[in-house]
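Peer 1: Provide a 3D model corresponding to the input given below.
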Amino acid sequence: MLRVLGNGKTLAPSLVELSAWQPQQGQQRNASSGVDHYTKLGTGGRSSFNGVVATVFGATGFLGKYVINRLAQNGTMINIPYRGQDMDTRHLRVMGDLGQINFYEYDIRDPESVAKCVAHSNTVINLVGKDFATRNFSLEQCMVDGAGALASASKEAGVDRFIHVSHLMAGGNSQSEFMRTKARGERAVLSHFKDATIMRPCDVIGHEDKYLNKYAYLRKLPFKILPIVGGGYDTIKRPAHVADVAQAIVNACLNPSTAGKTYELYGPEAFYLRDLIEYVFKLIQRPVRIVNVPPPVYQVLGALGERTIWNPKLTRDLAVRQHMTDAIDEAALTFEDLGITNPISLNKAAIEIVRRHRTYYNFNEVADANEPCPTAS
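Peer 2: Now for the predicted structure:
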């Protein structure tokens, strides 16, 4: 405790006072060091240690913050490699207790920096990914070469577990370059780390997502006209909530029996793309008119979107992926096999995600609970 002096300054407790402080029930001591340790062993919270030291690549992304928060809650020691500025990681620093989260600058193309990041870990989680190619990294460099480099360095360092996040629709024959590189990334990981756990989530929704929010931003289109291939009735989506996907990754990290297995992570309900978009606009209380356009026209729109100097909202590859139906394998392992028996549905989470796109005068109005987004039959 801190003692307040008359001048308003504080005085740290003396060694006598500290030595008289007794640890709480269930906490452990390391008697051999002569110093009392108040870190509990087990998953007792952020001030405990469960024995897992995890290096999480790609932690500064959308999914990363949810994974880090849940790992820290379970007493995991976390290493976060990052590139860029310290400001990019400041929101992650407060998710763990003092000394629980450590940060390392790295370059995924530099084997030495990667090796330093995994040197003292027994688990590595790869969340690295990008929706589009940049001037620094192509999709191949990011999701194939990079994934293979992380798996190779982890194996050489003697890491016990490697968890790789791919995509539900990853396939070598896909029309989407993104999906093809995701499939090659899986093979690159398994070629170096045969017992890797592969997580295949579908499109993920959440407060900072690029899915529901993307459609809500389209309210700014002129004449409120939204072009969609097939009018939106040729595409079925099964969006999963980011909290469920993050918890699935954490459960796999803490359960050694998940090694060498592949999990398909998708939402509990399926929706036609048209119904999903109309539901978003109903929640934000804005008008929309969906028109049917042929695929070549949508590809032209994607090519125009690539010409922006900022991060593109639409590319030719995104135009393909947007209209891919989520195909699932009924025999595959899913959320339930990772202990998540009641995943969050879109109808329950959507209003919290897109409410901010409403105008100020109807921001607080509730959604009509009797009119959820219809599911695909």
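Peer 1: use CA for all of it now, contacts and neighbours both
Peer 2: Will do.
Peer 1: I125 belongs to a helix, doesn't it?
Peer 2: No: residue state for I125 (DSSP: H, G, I helix; E, B strand; the rest coil) corresponds to strand; a helix is not indicated.
Peer 1: just give me the neighbour total for it.
Peer 2: 25 (other Cα atoms under 10 Å).
Peer 1: that one contacts H164, correct?
Peer 2: Yes: assessed by Cα atoms under 8 Å, I125 is found in contact with H164 at 6.0 Å.
Peer 1: so where's this structure shaky on pLDDT?
Peer 2: Across the chain, the ranges flagged by pLDDT under 70 are 1-40, 367-370.
Peer 1: most centrally placed residue in it?
Peer 2: For the chain, L63 is the residue whose C-alpha lies nearest the centre (Cα atoms, centre = their mean; 1.6 Å).
Peer 1: residue contacts, that one?
Peer 2: Contacts were defined as Cα atoms under 8 Å, 6 or more residues apart in numbering; by that measure L63 touches 127, 242, 246.
Peer 1: now the last one, what's its secondary structure?
Peer 2: To tie it back to what came earlier, the one meant is A246. A246, by the three-state scheme (three-state DSSP), is helix.
Peer 1: same question for A149.
Peer 2: Counting by three-state DSSP, the backbone at A149 sits in helix.
Peer 1: relative to G84, how far out is it?
Peer 2: 20 Å (Cα to Cα, to the nearest Å).
Peer 1: again with V94
Peer 2: Following Cα to Cα, the distance that separates V94 from G84 is 19 Å.
Peer 1: one more: F62?
Peer 2: In this structure, F62 and G84 are separated by 16 Å, where distance is defined by Cα to Cα.
Peer 1: which strands and helices sit next to the host helix or strand of I351?
Peer 2: Using DSSP states H and E, the element containing I351 is helix 346-354. Secondary structure elements in contact with helix 346-354, counted by 3 or more Cα pairs under 8 Å, 6 or more residues apart in numbering; DSSP states H and E, are helix 212-217, strand 240-241, helix 273-283.
Peer 1: next, format these as TSV and append distance to R70 and mean neighbour count.
Peer 2: Putting these into TSV (distance: least, Cα to Cα, whole Å; neighbours: other Cα atoms under 10 Å) gives the following:
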stretch	distance to R70	mean neighbour count
helix 212-217	23	18
strand 240-241	15	24
helix 273-283	28	20
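Peer 1: my read: A246 touches F62, true?
Peer 2: No: under the criterion of Cα under 8 Å, A246 lies out of contact with F62, with a separation of 10.4 Å.
Peer 1: quick one, domains of this protein?
Peer 2: If the domains of the chain are taken from automatic domain parsing, they occupy 37-201, 206-238+267-326+344-377, with pieces of a single domain joined by a plus sign.
Peer 1: tell me which of those sits most buried.
Peer 2: domain 37-201 (a mean of 20; mean count of other Cα atoms under 10 Å).
Peer 1: and the helices in the stretch 1-150 of the chain, which stretches?
Peer 2: With DSSP state H, counting those that start in this stretch applied, the stretch 1-150 of the chain shows helices at 15-20, 64-73, 90-93, 111-118, 139-140, 146-156, listed in chain order.
Peer 1: which residues in the stretch 1-150 of the chain form strands?
Peer 2: In order along the chain, the stretch 1-150 of the chain carries the following strands (DSSP state E, counting those that start in this stretch): 3-4, 10-11, 40-41, 48-49, 53-57, 77-82, 101-105, 123-126.
Peer 1: make a markdown table from those and add distance to T325 to it.
Peer 2: Supplementary listing: the strands of the stretch 1-150 of the chain in a markdown table, determined by distance: least, Cα to Cα, whole Å:
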| stretch | distance to T325 |
| --- | --- |
| strand 3-4 | 63 |
| strand 10-11 | 62 |
| strand 40-41 | 45 |
| strand 48-49 | 42 |
| strand 53-57 | 29 |
| strand 77-82 | 34 |
| strand 101-105 | 38 |
| strand 123-126 | 25 |
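Peer 1: show me what contacts V159?
Peer 2: V159 is in contact with 118, 121-124, counting by Cα under 8 Å, 6+ apart.
Peer 1: from V189, how far off is the residue nearest to S121 when sequence neighbours are not counted?
Peer 2: If you skip the residues right next to it in sequence, S121 has V53 as its closest partner in space, 4.9 Å away by Cα to Cα, 6 or more residues apart in numbering. Relative to V189, V53 is positioned 20 Å away (Cα to Cα).
Peer 1: re the thing from before, format the helices of the stretch 1-150 of the chain as CSV; extra columns: distance to P343.
Peer 2: What follows is the helices of the stretch 1-150 of the chain, written out as CSV (distance: least, Cα to Cα, whole Å):
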stretch, distance to P343
helix 15-20, 46
helix 64-73, 15
helix 90-93, 25
helix 111-118, 32
helix 139-140, 30
helix 146-156, 28
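Peer 1: closest to R355 out of those helices?
Peer 2: helix 64-73 (20.6 Å; Cα to Cα).
Peer 1: list the helices and strands that closest one packs on?
Peer 2: Contact partners of helix 64-73 among helices and strands, from 3+ Cα pairs under 8 Å, 6+ apart: strand 77-82, helix 90-93, helix 242-254.
Peer 1: what does it contact?
Peer 2: Applying Cα under 8 Å, 6+ apart, the contact partners of helix 64-73 are 43-46, 56, 58-59, 78, 92, 95-97, 100, 127, 242-243, 246-247, 249-250.
Peer 1: rerun at 6 Å
Peer 2: Surrounding helix 64-73, the residues in contact under the criterion Cα atoms under 6 Å, 6 or more residues apart in numbering are 45-46, 95-96, 246.
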